[in-house]
Every structure is written in C-alpha cells, then in structure tokens.
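Asker: Show me how the following folds:
(chains A, B, C and D)
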Protein chains: 2
Amino acid sequence: MTVEFKHQPTVTLAEVADAAGVGESTVSRVLRNYGSFSEKTRDRVMAAVERLGYVPNRIAGTLASTGSRLVAFVIPSLSNIVFPDVLRGASAILEESGYQAVFSVTDYDSQREEALAAAMLAWRPAAVMLAGYEHTDGTLKILRASGCRIVELLDLDGAALDLAVGFSNLAAGRVSAEFLLRRGYRRIGYVGHDLNRDTRAGKRFSGFCATLGAGDAPLADREILAGASSVENGRLGLERLLARTPDLDAVYFSNDDMALGGYFHCLARGISIPSQLAIFGYNGLDIGRAMPQPLSTIRTPRVATGKIAAQLVVTNAPPQVVDLGFELIEGATA
Amino acid sequence: MTVEFKHQPTVTLAEVADAAGVGESTVSRVLRNYGSFSEKTRDRVMAAVERLGYVPNRIAGTLASTGSRLVAFVIPSLSNIVFPDVLRGASAILEESGYQAVFSVTDYDSQREEALAAAMLAWRPAAVMLAGYEHTDGTLKILRASGCRIVELLDLDGAALDLAVGFSNLAAGRVSAEFLLRRGYRRIGYVGHDLNRDTRAGKRFSGFCATLGAGDAPLADREILAGASSVENGRLGLERLLARTPDLDAVYFSNDDMALGGYFHCLARGISIPSQLAIFGYNGLDIGRAMPQPLSTIRTPRVATGKIAAQLVVTNAPPQVVDLGFELIEGATA
DNA sequence: ACCAAAAATGGCAGCGCTGCCATTCTGTTT
DNA sequence: AAACAGAATGGCAGCGCTGCCATTTTTGGT
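Answerer: Presented below is the predicted three-dimensional model:
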C-alpha cells in the first residue's frame, strides 16, 4: 500500500497581501526590498509573512521575471577533490548573492555531458559552469543557443566560449618538467590515470613531455592506468613502472593522490626519497604538506577558481579569460 | 562600460505546436510521453522540436504541475569527502530519474543551516536532504511546514522527522572501542576535531568513551583541535597528545584524515605501528587501503547512503529509517 | 491653502507550461 | 449503415509570481 503525502496548502503572496491589508505588488516590493514603500507598510507585511510562515516561491518568481538565479555546474566527478573544491568556492559566493547552485556529474563522459547540459538548461540557469574546453559539438550547440552565460573552468588551453577561469595545464606540466630538470633528474618516468577522459591531465602530460624532450631528457617510461586517479592506482602504477624500468631517478604523477600512492610504495619497499627516486605530484592538496617529507607538487587555485567564476557570473561581467596561475611547491620529495 | 548580454528569444512549447501543426497539449503529451498520441504526430512533433532546438522550460512546467523534481541538499561541508560521496551516490540515482540536485553548504553552522534551508524551500523541492538530526527549532519548523520530504543522512541516533538513511555513529564508536580492547590495548587516547560542530563525530566519541569505561580502560587522554578535520591537524594532534601522555598504546582518531596525519607523525618520529602505538580511524577511505600498513578503521556506506536516500525520494516511499550499518576494517595499524 | 513633484500603492496581464474537459476522429460491432 | 467505445487531439484556465502602468497619497515650497 502506498501512503500518500499531501503537500500542505502553501501560503501564497496573495494571502500575505490580504493578511497585511495591502496589494500584491506591495508585498512583492517589500520582500525584494525593491521600489518604494513606507516603514509602516514594511512592518505590516513582515508581520504577516511571519505569522503565516510564508516562503516565497522562486519557481513562480523566476518564471515571471527574466533570468533565474540558478547556476548550473556540469562536473566530471565528485571523487576527485578538485571539483568539490571548485563547488565550495563558488557556492560561498553564490549563496551570499542569493543564487542557487545545481549540479550534475558527467563521470568524464562527454556523451553524458551533453545530455546533462541539456537537462540543466531546462531550468533556465543564469550560467552553466563546465570543466575545461573539450565538449561535443552537440553540447556546444545547445549551450550557445541557450543564451545563458557559459563558464569553462580549470583549463585555459583552448578558445573560450564566453568566460573562462583557471590556469594552463600545459604550463603546469612544463613547469613541473623544468623543475625536475633543474634538479638534475634525467631518467624521468610518468604514472598517470586515464588521459582520454581527463583531458586536463593529458595536457599536463603533453607539456611535461615537450619540456623534457627540449631538455634532452625525453620521458624514459610511462605507466598509464585505466580508471580514475587514486592512491591505490598510484602505488600500483609506480610498482609496475619500476618493475619495467628500475633505473628511473624521478617520477611525475598525474596528481597528488597518485603521487601519494607512489610515496607509499617507496615507503613499503624502502626506496629512499628523493635520493633514490624523486616524486612529483599535481594539485597541492593539504595532505602533501603533512607528509613526513612534504610533497613536491604544483598547487592549483581550485577554491579561487570557483569563487572568481561565481563572481563573474553574479556581476554579469563581460566575456573574458581569467588566468589564476598556479604555484610550484618545492617540497622535499624531488 | 558594461556589455549587455541578451537572452536570445527562447523557443516555447506553443511555437513548437505551431510548427508541428498540432495543439499545445499534444506537444506536451508527446514530450512527456504521457497520455495518447499517434506515431505520426509524435514524429511531427519531434521533428519540430529538433528543427527549432526546443528545450522545455522546467520552471514553467514545475509551476504548472504539482511538485517539482528538484532535490535540495543542505550539507555541512564539501571539504570532508563524506559529503561529496553522498552527493555522488544520490546524483547518480536522481539524474536517471529526471531529478535535479541543488545544494548549499552550511559550514557546520546551524544558523546558516536554517537560512539555507529556507532559501532552498523557496525552490519548492520534492525533498530536502540534511546531515544528521541536530537542527535548530527554526529549521525544524520551516521544514515541517514545507510539506516536502525530509531526509536525514548519516546519523541514526535520534528521532527521524520523516526519512532517515545511514548508520549509528554511537555504535561506530562502540565497535571501535571494542576492537581496541579486544586487541589488548589499555592506554587509549583520542585525537579529534571540533566536536560541537560535527555532532556525528561527537556521537562516535561518546560511544567510544562509554565502551572504554565499561571495559575498565577509561580514555587516558584526548586532544581536540579547533577547526575542521585534516591530515595536518591529525599530525599535530597526535604530537601534542604524545607530548602530554607518552605512554599511550593506542589512539582513536575522529576520522581517517586525522588518522593519516597521526600515521605520518609516527613515520617521521620513528614510532613503530602498531607495536609502539596503534592507530584507529573512521570512514574507510581508499587511501587507508593503499598505505604500507592498511589503516584500521570503520568503513561507512557513504555512496550507498546517497543512493538509498535518493531512491526513497523518487519512489515516494513512506517514512522510515534505513540502517545501512558499517564495516570494521581490521587493517594493520591496530 | 494650493499645486507640482515625489513617494506609495494597487490592478492586472502575462511568464510557459500542465491538467482538465470537450471535441473530433478511428475502428468495431451489430 | 448506425451506433459506440476508445484513441487522439485541442482549448483554455491557472500555477504564483513580477513588471508595467495607473492611481492615490504624501511632501515641500509658496
């Protein structure tokens, strides 16, 4: 047997107006603190709101007015801490501006991205925030046709549609390689996760390899694991890489999680860091700082990316690309 | 100078109806695959939809019909991986059922929780999902008055308002203590983060202490750090705890992040685990499994909690409490 | 006390859909 | 061929607000 849950009769703006003895528009003005109304009226209205427990209906409000205060996020993953960090930064700004965040997870699947982007547009958001520049033609088409703001996050290596906030992954890869070369490492390997799906990791890898090549120390070997990045995959990847190419003196990981796995592998095998093997990550997670030897990595402005992106949207800024850069953390593992 | 961004004239259902040469209701029926219409009509409508690039307006649809397909999450944090995990589980289910997730972050502040809950209700969601049972009277009042489904997550130690999905934190604390006692530890300490804000951690601690007391090995010492849980705080906390009470033989951490910090501290100081000091965490993160010595901890059903919660909402299940339990991971650190 | 300007307020048409009801087709059945 | 049950379809009110405009009240200056 199915139990029925009735929605209680909801209080409407008209009822508040009646209760306060004023017109609907007046209530609307008071609640939005817009236009003019007297002190006395405001108090009467607020009293009625309080008494009736009125909660404005933003669905109706949005339909009646132009443009909603929803901001849609279409993100690849929630497991990769990068995206919760971006959401965190953005939601802080959005909440204080009366915006509401809605999200969907694509799981790094561009087909899903297209479907989800369409689904989100049905809510007529003020803006859609996406990770990176790689989107299907279909996604691009519906986004452009939607007329809402488009924000591409965490990737600046491409042509922005409207707004873009982040940094260059290509440059991050290059800087990482330069650092390792500067430190004198020459037999350098790479351990990464699925690059076809995570195109930003792919760009870092490209930048890294290009710089190594130019530095006369081309990548010695690589181990790329299927599946998402994880500590366990980092551990496993390094194990395999070293089994195949034992004489490496440094390894670049697709991110800090993977690097931590590598670090654990070294601990377990008694490989001393960095004298026997140097380890370099990407992201600059807190965890890296708490390690016995702080992780050498690149710190990325994840929370700031979310904040700036949100700010651009709420201020309706003109199309632009904001490069927030990144920071090299020398650490003690390379 | 401010640049203006005009929303392009949006295609409406009425325009699709005209283009297809049918009535509005017919288009509506076809798009929702509801009621009856002929094959031929369906094709004509879909062709028009395609041609015009029509995207249904869910704002209007929601206003016109009863009940939205929005599900609101009011979560304490996005830094604590627990909540992204819950969101991940839930969004997978919601997306396939045509629901949309919206969220706000309270930052463990119950005052903010109240404000955000009210803000979310303005979107007339089908359900509101909250962490735990501790809410202000104001929050409870508006939630109950809203008439929408309420789901309390990750905490079963209290009286549910409507739906509740998770497990008992009290029991998790007890089981952890029992395990340590069984292994013969008697000088047991605790390192935790702010318990007043994270009431679930507080409940675990209570359960833990109660069991220790009953086992004739009352908590020897504790170190509670202000601020959120983090690897660094775990490291610091253990350092302080041991400085004060060096003869501990086991330490219970408020979660795996903190425990990992403690682990790092031991590594750095050459404290051997578990012979000199045992370490026990909470959450069962992946990282614990990849450590050279797998972390002894409790694995919690975070993703499952999200999934089940979402399922209950989309199926409009009657009020109930679903206990998903947790799993003791013996590991090698205790 | 009078008038213009400004402030305060109310009325009401939509926003784009859905849900209900009436109507018009079908294809059977007798 | 008439009668009828369904299937297929269209019309239109109304969801709860906002935005526009008209109207009323107040204010300030003379």
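Asker: Okay, the residue nearest to A:Pro319 when sequence neighbours are not counted and A:Ser91: tell me how far apart.
Answerer: Using Cβ to Cβ, 6 or more residues apart in numbering or on different chains and skipping the chain neighbours, the partner closest in space to A:Pro319 is A:Asp162 (5.0 Å). The way it works is simple: take the backbone N, C-alpha and C, and place the C-beta from them, glycine included. As judged by Cβ to Cβ, to the nearest Å, A:Asp162 and A:Ser91 stand 21 Å apart.
Asker: who's more crowded, these two?
Answerer: Higher neighbour count among A:Asp162 and A:Ser91: A:Ser91, with 25 against 19, using other Cβ atoms under 10 Å in any protein chain shown.
Asker: Can you tell me the SS state at the nearest residue to A:Asn80 once chain neighbours are set aside?
Answerer: Nearest residue to A:Asn80, sequence neighbours excluded (Cβ to Cβ, 6+ apart): A:Ser229, at 6.6 Å. Under DSSP: H, G, I helix; E, B strand; the rest coil, the three-state class of A:Ser229 is coil.
Asker: same deal with A:Ile298?
Answerer: Quick answer, by three-state DSSP: A:Ile298 is strand.
Asker: mind checking how far it is from A:Gly207?
Answerer: Taking Cβ to Cβ, one finds A:Ile298 at 11 Å from A:Gly207.
Asker: And A:Gly158, by the same measure?
Answerer: 14 Å.
Asker: sorry, back to before: next, show the common contact partners of A:Ile298 and A:Gly207.
Answerer: A:Ala172 (Cβ atoms under 8 Å, 6 or more residues apart in numbering or on different chains).
Asker: Spit out the contact partners of A:Arg197.
Answerer: A:Pro76, A:Tyr108, A:Asp109.
Asker: what's stretch A:211-220 in contact with?
Answerer: A:173-174, A:177-178, A:181, A:185-190, A:208-209, A:245, A:248.
Asker: Can you flag the buried ones in those residues?
Answerer: For the contacts of stretch A:211-220, burial is judged from neighbour counts taken by 16 or more other Cβ atoms under 10 Å in any protein chain shown, and it is met by A:173-174, A:177-178, A:181, A:185, A:187-190, A:208-209, A:248.
Asker: Among these, name the ones in helices.
Answerer: A:Gly173, A:Arg174, A:Ala177, A:Glu178, A:Leu181, A:Phe208, A:Cys209 (DSSP state H).
Asker: does the second one really touch A:Cys209, like I thought?
Answerer: The reference is to A:Arg174. No: look at A:Arg174 against A:Cys209 with Cβ atoms under 8 Å: they stay out of range, at 9.7 Å.
Asker: From A:Ile273, how far off is A:Leu260?
Answerer: Relative to A:Ile273, and taking Cβ to Cβ, A:Leu260 is found at 12 Å.
Asker: Quote the end-to-end distance of stretch A:104-114.
Answerer: Length of stretch A:104-114, first residue to last, Cα to Cα, to the nearest Å: 11 Å.
Asker: Could you do stretch A:243-261 as well?
Answerer: Stretch A:243-261 stretches 16 Å from its first residue to its last (Cα to Cα).
Asker: and the residue of the stretch 201-334 of chain A found nearest DNA strand C, what are its phi and psi?
Answerer: Nearest residue of the stretch 201-334 of chain A to DNA strand C, counting by Cβ to the nearest atom of the strand: A:Asn316, 19.8 Å away. With angles defined as degrees, to the nearest 10, A:Asn316 sits at phi 50, psi 50.
Asker: how many neighbours does it have?
Answerer: Neighbour count of A:Asn316, defined by other Cβ under 10 Å: 14.
Asker: Kindly report the same for the one 4 residues further on.
Answerer: Using other Cβ under 10 Å, A:Gln320 has 11 other residues around it.
Asker: and the nearest residue to it once chain neighbours are set aside, bridged to which residues?
Answerer: Excluding the flanking residues, the one nearest A:Gln320 by Cβ to Cβ, 6+ apart is A:Leu163, at 6.3 Å. Applying DSSP bridges to A:Leu163 gives these bridge partners: A:Val151, A:Gln320.
Asker: List the residues that contact A:Leu163.
Answerer: Taking Cβ under 8 Å, 6+ apart, one finds A:127, A:149-152, A:309, A:312-313, A:317, A:319-322 in contact with A:Leu163.
Asker: Now do the strands for chain A: every range, in order, please.
Answerer: Ranges of strands in chain A, per DSSP state E, are A:70-75, A:100-105, A:127-131, A:149-153, A:163-166, A:188-193, A:221-225, A:250-253, A:278-280, A:297-299, A:320-323, A:327-329.
Asker: Closest one of the ones in helices among the buried ones among the contacts of stretch A:211-220 to B:Asn33?
Answerer: Nearest to B:Asn33 among these is A:Gly173, at 47.3 Å by Cβ to Cβ.
Asker: quick one on the thing from earlier: any idea how far the residue nearest to A:Gln320 is from A:Thr305?
Answerer: For A:Leu163, the distance to A:Thr305 - Cβ to Cβ - is 12 Å.
Asker: Give me the neighbour count for the residue nearest to A:Cys266 when sequence neighbours are not counted.
Answerer: Of all residues not flanking A:Cys266 in the chain, A:Ile273 sits nearest, at 5.4 Å (Cβ to Cβ, 6+ apart). For A:Ile273, the neighbour count with other Cβ under 10 Å is 20.
Asker: Return the residues of the stretch 51-200 of chain A in contact with DNA strand D.
Answerer: Residues of the stretch 51-200 of chain A found near DNA strand D (Cβ under 7 Å from any atom of the strand) are A:Tyr54, A:Pro56, A:Asn57, A:Ala60, A:Gly61, A:Leu63, A:Ala64, A:Ser65, A:Thr66.
Asker: What does the pLDDT read for the residue lying closest to the second one once chain neighbours are set aside?
Answerer: So the one you mean is A:Pro56. Ranked by Cβ to Cβ, 6+ apart and with sequence neighbours excluded, the top spatial neighbour of A:Pro56 is B:Ala122, at 5.3 Å. With respect to pLDDT, B:Ala122 scores 96.
Asker: before we move on, what about A:Gln8?
Answerer: Here the pLDDT value assigned to A:Gln8 is 59.
Asker: In chain A, where is pLDDT below threshold?
Answerer: Applying pLDDT under 70 to chain A picks out residues A:1-8.
Asker: Please parse it into its domains.
Answerer: Following automatic domain parsing, one finds the domains of chain A at A:13-56, A:70-167+A:302-324, A:169-299.
Asker: Among those domains, which comes closest to B:Leu225?
Answerer: Nearest to B:Leu225, of all the domains of chain A, is domain A:169-299, at 12.9 Å by Cβ to Cβ.
Asker: Distance from the closest one to the middle of the chain?
Answerer: For domain A:169-299, the separation from the chain centroid amounts to 22 Å (computed by Cα atoms, centre = their mean, to the nearest Å).
Asker: Over to stretch A:134-152?
Answerer: Distance, centroid of stretch A:134-152 to centroid of chain: 17 Å (Cα atoms, centre = their mean).
Asker: In contact with the residue nearest to A:Asn80: list those residues for me.
Answerer: Contacts of A:Ser229 by Cβ under 8 Å, 6+ apart are A:Asn80, A:Gly192, A:His193, A:Asp198, A:Ala201, A:Ser254, A:Asn255, A:Asp257, A:Met258.
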